[in-house]
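In: okay, sequence plus prediction incoming.
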Amino acid sequence: MRLTIVGCSGSYPGPDSPASCYLLEAVHDDGTGRRPWRVLLDLGSGALGALHRYADPLSVDAVLLSHLHADHCLDLAGYYVLRKYHPTGPQPRIPVWGPVGTADRMARAYDLPTDPGMTAEFDFREWQGPIQVGPFAVEPVPVDHPVPAFGLRVAADGATLGYSGDTGPCPGFDAVAKDADLLLAEASFRSGDDNPPQLHLTGAECGEAATRGRAHRLVLTHVPPWHDPRVPLAEARTTYDGPVALARAGDVYEL
């Protein structure tokens, strides 16, 4: 399983990266032969354009949305346009998993009537339990955020990625981190600031969860452009002894 960081800027696109979007790839035999399968974890503001650098957007098999804040889902509106009006013709529907209300939220984002909205382009499905997409076994885990939100555990090729989505410290995030080969965790807050509760994580809190869960590797993401990313990185190293790095657009991890 390969992870490519398409976008990792927190809250809005930054000078060096779009907002949240992560490309997962694995080869799988679907009965018609072996081919690469591709899924996107989130498709936030500015990410669709950058995705072209790493994969043909028409080759994506599914989109998995952690929650419906703009920096995690809004470029699905542009993706709707691409799939509907591409010069090769309308594209087959692909599944989009997300929280309750995803189809209506995305229709409103493009000022469409909710019926049919984007349902001719996307097969909207709501998180209710584990799913399988080709080689990817995906477990959604509810986490603590002001809107319905999920962390995601994605397993393929004998490896497991834990993705926090957006969350404050909570048992759900600990479940996402447990035994992950790579824990991709948002580090939007700094320790010592007057941070609102139940919203985001500090680098230190990411490291603590990685330590409790015995995650094999920690990658910090979703640092807002107004923060120096070296701060959460230094914090995480005080609470986690394993390999830790900052996500950067274009980085590739082989799991």
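Out: Here it is on my side, so go on. Numbers count the residues shown, from 1 in each chain.
In: going by C-alpha atoms from here, please, whenever you check contacts or count neighbours.
Out: Noted.
In: where along the stretch 151-255 of the chain do the strands fall?
Out: 159-163, 182-186, 218-221, 244-246, 252-254 (DSSP state E, counting those that start in this stretch).
In: need the contact list for the residue nearest in space to the middle of the chain.
Out: Centroid-nearest residue in the chain, with CA atoms, centre = their mean: L41, separated by 3.3 Å. With contact taken as CA atoms under 8 Å, 6 or more residues apart in numbering, L41 is in contact with C21, Y22, L23, L24, V63, L64, L65, S66.
In: ok, it to H72 distance?
Out: L41 sits 9 Å away from H72, going by CA to CA, to the nearest Å.
In: please apply the same query to G134.
Out: With distances taken as CA to CA, G134 is found 23 Å from H72.
In: who's more crowded, the two?
Out: H72 (28 against 18; other CA atoms under 10 Å).
In: and the contacts of L41, which two are furthest apart?
Out: L24 and S66 (14.6 Å; CA to CA).
In: quick one, which of these two is more surrounded?
Out: S66 (28 against 24).
In: which strand residues bridge the spatially closest residue to the more buried one that is not a sequence neighbour?
Out: Counting by CA to CA, 6 or more residues apart in numbering, S66 lies nearest to F150, which is 5.0 Å off, once chain neighbours are set aside. Note on F150: beta-bridge partners P142, judged by DSSP bridges.
In: does F150 touch G165 like I think?
Out: Yes: counting by CA atoms under 8 Å, F150 touches G165, with 6.3 Å between them.
In: against V244, how distant is the closest residue to P197 other than its chain neighbours?
Out: Computed as CA to CA, 6+ apart, the closest residue to P197 that is not its neighbour in sequence is G168, at 7.0 Å. Distance, G168 to V244, using CA to CA: 20 Å.
In: between those two, which one's more packed in?
Out: Ranked by neighbour count (other CA under 10 Å), G168 and V244 place G168 first, with 26 against 20.
In: how close does the more buried one sit to D174?
Out: 11 Å.
In: give me the neighbour count for Y54.
Out: Using other CA under 10 Å, Y54 has 12 other residues around it.
In: quick check: which element contains H72?
Out: helix 70-73 (DSSP states H and E).
In: average pLDDT for that helix?
Out: When pLDDT is averaged along helix 70-73, the result is 98.
In: now stretch 142-150
Out: 98.
In: got a list of contacts for that stretch?
Out: With CA under 8 Å, 6+ apart as the test, stretch 142-150 has contacts from 66-68, 99-100, 140-141, 151, 164-173, 198-200.
In: if you set the cut-off to 7 Å instead, what comes out?
Out: 66-67, 99, 140-141, 151, 165-168, 170, 172-173, 198-199 (CA atoms under 7 Å, 6 or more residues apart in numbering).
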